[in-house]
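A.B. asks: The amino acid sequence is not available; the structure is as follows:
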């Protein structure tokens, strides 16, 4: 799958699931990931979130998205001990790694790469997107929103389908709204207990 390349090429994938899980309750839903020492949640603004037919993806308001945790250099990537310039350098290198994987390992060409830096609730995000090859049958563009998460990168991504190509700004907006809800925890969350309280 061309649009799920974000983690497929990573080495040293953490022992925990690299994809965040969708937790649904009667009143609301959360996207959550719980590691050994750190966890995060994201809260979709709509209650129409469901597990996608595509493994590792979640469907929100008819758009599939993926929330992924990618390991980094342990102890050296925490935004707590990094300058803004240092964060940008790490996130830029992460983006370059993913683009190289896309180009060399998947043998796919991309074009019109664009990047922007956005601060949401005091957290810095790299928003990046590119057009897929014209011969790609289903997808016209890939959109990513990446941030540092302790010694990992938390990455949201979504494909823009050719059938809805004019709505790519809607896809970007969905990822940005979701990123703005990110809450982090210095502990392992009990996802079963969290689900029961939704």
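C.D. replies: Done, it's in. If you're wondering where the values come from, they're calculated on a predicted model, not measured in any experiment.

A.B. asks: C-alpha from now on. contacts and neighbour counts both.
C.D. replies: Will do.

A.B. asks: who's the residue nearest the centre of the chain bridged to?
C.D. replies: Centroid-nearest residue in the chain: residue 156, 1.6 Å away (criterion: C-alpha atoms, centre = their mean). Going by DSSP bridges, residue 156 is paired in beta bridges with residue 67, residue 145.

A.B. asks: For it, which residues are in contact?
C.D. replies: By C-alpha atoms under 8 Å, 6 or more residues apart in numbering, the residues touching residue 156 are 65-68, 144-146, 175, 179.

A.B. asks: Endpoint to endpoint, stretch 51-67 covers what distance?
C.D. replies: Across stretch 51-67, the terminal residues are separated by 12 Å (C-alpha to C-alpha, to the nearest Å).

A.B. asks: which residues touch it?
C.D. replies: Contacts for stretch 51-67 (C-alpha under 8 Å, 6+ apart): 19-20, 22, 44, 46, 48-50, 154-159, 171.

A.B. asks: burial of the residue lying closest to residue 110 once chain neighbours are set aside, as a residue count?
C.D. replies: Nearest residue to residue 110, sequence neighbours excluded (C-alpha to C-alpha, 6 or more residues apart in numbering): residue 132, at 4.9 Å. For residue 132, the number of neighbouring residues by other C-alpha atoms under 10 Å comes to 23.

A.B. asks: Secondary structure class of the closest residue to residue 36 other than its chain neighbours, three-state.
C.D. replies: Closest residue to residue 36 apart from its sequence neighbours, by C-alpha to C-alpha, 6+ apart: residue 188 at 5.5 Å. At residue 188, secondary structure determined by DSSP: H, G, I helix; E, B strand; the rest coil is coil.

A.B. asks: Tell me how far residue 190 lies from residue 38.
C.D. replies: 11 Å.
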